[in-house]
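> Just need the structure, nothing else, for what follows:
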Amino acid sequence: MPSLCKSCDAKIVWAKFASGKATPLDFPGEKRIVIDEDGIAHVYDTFVSHFATCPDAAQHRKKK
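Below is the predicted model of the structure:
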């Protein structure tokens, strides 16, 4: 379910890694079509990290 970025109000979705950490992704993702060796087309959603597109991303990154 999409939510909104707290600083730029863009629609985002959260992806959770096996480690338990989550990262924001732009929503909606772009479509990618892959044709397999049998000629069958598969459509996949691709997502971009919201840190790459948010104008305020630097203020949300965690310090190491």
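> could you list every residue that touches the residue positioned nearest the centre of the chain?
In the chain, the centroid-proximal residue (Cα atoms, centre = their mean) is residue 25; its distance is 2.3 Å. Going by Cβ atoms under 8 Å, 6 or more residues apart in numbering, residue 25 touches 12, 13, 14, 15, 47, 48, 49, 50. In this view, the C-beta of every residue, glycine as well, is placed from N, C-alpha and C.
> could you redo the last one with a cut-off of 10 Å?
With contact taken as Cβ atoms under 10 Å, 6 or more residues apart in numbering, residue 25 is in contact with 2, 12-15, 45-53.
> cool, residue 28 as well?
Taking Cβ under 10 Å, 6+ apart, we find residue 28 in contact with 2, 11, 13, 45, 47.
> three-state assignment of it?
Secondary structure, DSSP: H, G, I helix; E, B strand; the rest coil: residue 28 is coil.
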